[in-house]
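Engineer: 3D model of this:
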Amino acid sequence: MLKRTIYIGNPTYLKLKDNQLKIEDPVTKEVKGSVPVEDMGFLVLDNPQITLSHPVILALQQQNVAIISCDESHLPLGLMLPISGHVEHSERLKHQINCSEPLRKNLWKQTIEAKIFQQKEVLRKLDLDYAPLIKYMNEVKSGDSTNMEGIAAQYYWGKLFDNFTRERKGDAPNNFLNFGYAILRSMVARALVSSGLHPTIGIFHRNKYNAYCLADDVMEPYRPYVDGLVVDWMNHPESTNILDKPAKAHLLQLATKDVYINGLQRPLMTALSITTSSLCKCFTGESRVIHYPMM
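Structural biologist: Numbering: from 1, shown residues only. Below is the predicted model:
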């Protein structure tokens with residue numbers, strides 16, 4: 001069953017009753033909504049006046065629900081996941097840790113090829129010149145030693161938006177991209193934990209200060225889906241340059257966006273599980289191919 005993303009943007013008291021998440025107004029005590037915990041995949045908390053009890057947190061973790069906390073800028077800042085989301089977590093973690101360097105480089109090559117392919121498809125759908133991206137994709141080497149990812153990105157962003165510089169902080173569409181990527185990162189981390197992998201131990205990213213190196217690796221070919229949603233929103237008649245609730249509601253459709261993976265149409269959240277499961281098989285030696293969606 002496809003899991004739901006619940007966004008809370010107002011002062012709220014969250015409590016648990018009969019395995020249902022009750023959304024209560026803290027002033028009037030009126031119950032504004034009720035969601036079965038087992039139906040949830042993500043809970044986004046975007047208000048400083050949200051209160052939830054420890055039993056709520058435990059129930060969410062038992063169902064592998066990712067709890068995402070937003071900061072004063074309304075961008076996702078924190079992520080809470082269960083320590084273990086799979087019965088074979090210990091065994092799979094050993095294989096992940098012992099992954100050979102040649103395999104890491106091969107997996108990263110596949111990842112960058114898939115990312116550039118997706119970027120090419122974004123430009124193609126917008127009737128923009130994508131021919132150079134085909135060339136860059138075909139020139140990716142083991143471990144992307146020639147940095148085709150960076151070369152492709154420079155061309156891609158130059159075509160996608162006019163006079164645009166990609167920054168962690170900055171004017172639109174950076175704010176929309178940052179929000180979408182943060183949500184995507186949380187989704188990837190949840191899928192990795194569900195597959196018995198640890199999101200910290202990456203195949204390429206290895207920053208000692210980064211707790212989500214593997215999530216940052218796996219999310220790369222999925223970033224263009226966020227880019228597409230941002231382009232759609234920028235062209236929407238209700239769009240402004242502000243990351244407001246309508247913009248967030250639009251970007252939170254990411255989890256249910258239809259993608260094609262292994263020749264079948266699946267929601268993006270399901271595709272992520274297929275990708276992380278295939279990555280686990282690469283670590284255990286059952287496969288050499290990581291499965292990514294094709295736009």
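
Engineer: Could you give the number of residues near residue 249?
Structural biologist: When neighbours are counted by other C-beta atoms under 10 Å, residue 249 registers 12. For glycine as for every other residue, the C-beta is placed from the backbone atoms N, C-alpha and C.

Engineer: can you confirm residue 211 is in a helix?
Structural biologist: No: per DSSP: H, G, I helix; E, B strand; the rest coil, residue 211 lies outside any helix segment and is coil.

Engineer: was I right about it contacting residue 201?
Structural biologist: No: counting by C-beta atoms under 8 Å, residue 211 sits too far from residue 201 to count as a contact (10.4 Å).

Engineer: neighbour count winner among the two?
Structural biologist: residue 201 (17 against 12).

Engineer: State whether that one and residue 97 are indeed in contact, as I suppose.
Structural biologist: Yes: in this structure residue 201 lies within contact range of residue 97 using C-beta under 8 Å: 6.3 Å.

Engineer: show me the contacts for residue 178.
Structural biologist: Contact analysis of residue 178 by C-beta atoms under 8 Å, 6 or more residues apart in numbering lists 75, 168-169.

Engineer: Quick check: PyMOL command selecting the buried ones in those.
Structural biologist: Only the buried entries of the contacts of residue 178 go into this PyMOL selection, using 16 or more other C-beta atoms under 10 Å:
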select buried, resi 75
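
Engineer: possible to save the contacts of residue 178 as a markdown table with secondary structure, distance to residue 269 and pLDDT?
Structural biologist: Listed next are the contacts of residue 178 as a markdown table, based on DSSP: H, G, I helix; E, B strand; the rest coil; distance: C-beta to C-beta, whole Å; pLDDT from 0 to 100:
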| residue | secondary structure | distance to residue 269 | pLDDT |
| --- | --- | --- | --- |
| 75 | coil | 21 | 76 |
| 168 | coil | 25 | 74 |
| 169 | coil | 28 | 74 |
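
Engineer: Show me which of the contacts of residue 178 is closest to residue 287.
Structural biologist: Of all those, residue 168 has the smallest distance to residue 287: 34.7 Å, by C-beta to C-beta.

Engineer: quick one: that closest one from residue 181, how far?
Structural biologist: To residue 181, residue 168 is 10 Å away according to C-beta to C-beta, to the nearest Å.

Engineer: before we move on, what about residue 113?
Structural biologist: Counting by C-beta to C-beta - residue 113 and residue 181 are separated by 20 Å.

Engineer: Residue 79 pairs with what?
Structural biologist: Beta bridges link residue 79 to residue 68, judged by DSSP bridges.

Engineer: That one and residue 230, how far apart?
Structural biologist: Applying C-beta to C-beta, the value for residue 79 to residue 230 is 21 Å.

Engineer: Neighbour count: these two, which is higher?
Structural biologist: Applying other C-beta under 10 Å to residue 79 and residue 230 shows that residue 230 carries more neighbours, namely 25 against 19.

Engineer: Surely that one touches residue 179?
Structural biologist: No: with contact taken as C-beta under 8 Å, residue 230 and residue 179 are classed as non-touching, separated by 9.1 Å.

Engineer: So residue 185 lies in a helix, does it not?
Structural biologist: Yes: assessed with three-state DSSP, residue 185 lies in a helix.

Engineer: which residues touch it?
Structural biologist: Shown in contact with residue 185 (C-beta under 8 Å, 6+ apart): 76, 79, 212, 215-216, 219.

Engineer: Give me the three-state assignment for residue 104.
Structural biologist: Secondary structure, three-state DSSP: residue 104 is helix.

Engineer: Could you do residue 290 as well?
Structural biologist: Note that with three-state DSSP, the state of residue 290 is coil.

Engineer: which residues does it contact?
Structural biologist: Contact analysis of residue 290 by C-beta under 8 Å, 6+ apart lists 107, 110-111, 275, 278-279, 282.

Engineer: and what of residue 226?
Structural biologist: The contact partners of residue 226, by C-beta under 8 Å, 6+ apart, come to 177, 180-181, 184, 251, 254.
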